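Undergrad: how does the following fold in three dimensions:
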Amino acid sequence: MRRSITRYGIKYLLFYIPAWMAVSFIMMFINYDSQTSLIPQWIGCMIVTGAAAPVCWYTANKLTPRYLYRKKIGLFIGYLLILACLNAILTYLFALFIYHLISGNPVFRTSLYFFSLALEMLLVDVILISVSCIIKIISDRYFMEQQMLQIEKEKVSTELNFLRSQVNPHFLFNVMNTIYFQIDKTNTEARLSVEKLSEMLRYQLYECTSDKIEIYKELLYIKNYVAIQTLRMEKDSDIRLIIDQDMENFLIAPLLILPIVENAFKHVSNFKEPGKNKIYLTVKKYDRFTMLMEAENTYDQSNVQKHLLQTGGLGIQNLKRRLELLYPDKHELNINKGENIFNTTLKLQYDD
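TA: Next comes the predicted model:
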């Protein structure tokens with residue numbers, strides 16, 4: 001948050017204020033009226049350029065990511081021109097009204113004066129908006145490059161740590177297969193647990209080697225994880241995993257939503273009545289390009305779980321860091337504690 005405010009402040013000081021002053025003086029020089037004092041003319045020009053600032057901000061920070069970055073050039077140009085025209089008309093009326101109050105000159109003069117000044121205001125708006133968008137693009141490009149460098153550094157570090165701790169996967173799977181066949185065939189639950197654990201290990205060792213993976217593979221891993229974790233819970237515990245069947249297949253960073261699920265099982269209550277121990281996990285579409293992951297679990301206030309009353313453990317902190325690096329400005333993570341209820345919600349934009 002502090003970094004975003006600092007970036008905006010730097011851009012504001014380095015661009016908007018000098019541009020505002022420079023364009024104001026240029027407009028005043030072009031439209032200088034020797035019959036009117038300098039101050040009213042300068043104030044009117046300052047209003048004209050200052051009124052373009054909100055439109056510049058909205059176009060650069062909202063329309064550019066929404067349309068230009070998604071290669072919807074026609075819509076972007078169309079909205080830009082509409083905003084510029086509306087802003088030019090409103091600015092014209094407001095600026096000349098203020099100018100009228102200060103100088104006494106009429107708001108509406110000749111038709112030629114009206115169209116020439118309105119066209120000039122439109123041109124000023126288009127120029128300022130375009131320059132704002134260019135600065136936004138350059139800034140985002142630089143920020144993305146810095147993020148990619150940071151991701152590469154952390155990726156190398158993670159891979160080194162993984163290699164140090166990695167067990168030979170062939171040996172591990174051979175051991176698990178041996179255990180699987182040693183279990184009596186009538187003990188279907190134990191054999192199923194070993195099978196699911198084997199699938200999870202295979203996913204971690206072989207599938208999670210790329211930066212992005214299909215969401216259905218990630219959700220299959222979550223299903224297996226929930227199934228195994230459910231075995232250690234009391235038989236009548238209220239464990240629910242709801243996955244939206246209509247959710248499109250898209251790419252996601254591997255093991256991204258696992259910490260949320262882990263956190264729910266780690267901090268779930270342990271009431272004597274199993275039915276009061278609840279974990280509700282939901283994965284669904286939030287809108288066209290956003291998925292929603294929500295985890296809700298009961299907890300026992302009498303246990304005074306300090307780590308729960310904070311923002312989460314190491315897994316949640318790691319998740320926050322990964323989201324900042326991989327999905328900057330494309331995620332929303334909320335962690336809330338209610339009365340006996342702990343809720344974690346993640347909204348993630350997956351459109352590239």
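
Undergrad: what are the boundaries of the helices in the stretch 1-150 of the chain?
TA: 2-11, 17-30, 38-58, 73-103, 111-165 (DSSP state H, counting those that start in this stretch).

Undergrad: least reliable of these by average pLDDT, please.
TA: Note on these: lowest mean pLDDT is at helix 2-11, with a mean of 51.

Undergrad: quick one: residues contacting E234.
TA: P274, N277 (CB atoms under 8 Å, 6 or more residues apart in numbering). Using the backbone N, CA and C atoms, a C-beta is placed for each residue, glycine as well.

Undergrad: dihedrals phi and psi, it?
TA: Main-chain dihedrals, E234, degrees, to the nearest 10: phi -60, psi 150.

Undergrad: so what pLDDT did it get?
TA: For E234, pLDDT reads 85.

Undergrad: would you check how far apart it and I279 are?
TA: E234 is 12 Å from I279, where distance means CB to CB, to the nearest Å.

Undergrad: and Q229, by the same measure?
TA: Q229 is 9 Å from I279, by CB to CB.

Undergrad: identify the contacts common to these two.
TA: In contact with both Q229 and I279: F265, using CB under 8 Å, 6+ apart.

Undergrad: comparing the two, which residue is more hemmed in?
TA: I279 (24 against 17; other CB atoms under 10 Å).

Undergrad: mind listing what that one touches?
TA: S237, D238, I239, R240, A264, F265, V268, A295, E296, N297, T298.

Undergrad: of those, which is the nearest to S198?
TA: Nearest to S198 among the contacts of I279 is F265, at 20.0 Å by CB to CB.

Undergrad: what about the closest one, which helix or strand?
TA: helix 258-266 (DSSP states H and E).

Undergrad: and that helix, what does it pack onto?
TA: helix 215-231, strand 278-287, strand 290-298, helix 314-326, strand 341-349 (3 or more CB pairs under 8 Å, 6 or more residues apart in numbering; DSSP states H and E).

Undergrad: quick one: it to strand 290-298, angle?
TA: 20 degrees (axes from the mean of the first three to the mean of the last three CA atoms, to 10 degrees).

Undergrad: can you spell out the domain ranges of this protein, please?
TA: 2-156, 234-349 (automatic domain parsing).

Undergrad: make CSV from these and add distance to Y225 to it.
TA: Output for the domains of the chain, formatted as CSV (distance: least, CB to CB, whole Å):
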stretch, distance to Y225
domain 2-156, 23
domain 234-349, 6
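
Undergrad: contacts for stretch 79-95 next, please.
TA: By CB under 8 Å, 6+ apart, the list of residues contacting stretch 79-95 reads 44, 47-48, 51-52, 55, 58-59, 63, 67, 107, 114, 117-118, 121-122, 124-126, 129-130, 133.

Undergrad: thinking again about what came up before, ok, which of the domains of the chain comes nearest I183?
TA: Using CB to CB, those put domain 234-349 closest to I183, at 20.5 Å.

Undergrad: straight-line length of that closest one, end to end?
TA: With CA to CA, to the nearest Å applied, domain 234-349 spans 36 Å between its terminal residues.

Undergrad: with stretch 226-246 instead?
TA: Termini of stretch 226-246 sit 21 Å apart (CA to CA).

Undergrad: give me the buried positions along that stretch.
TA: V226, A227, I228, Q229, M233, E234, S237, I239, L241 (16 or more other CB atoms under 10 Å).
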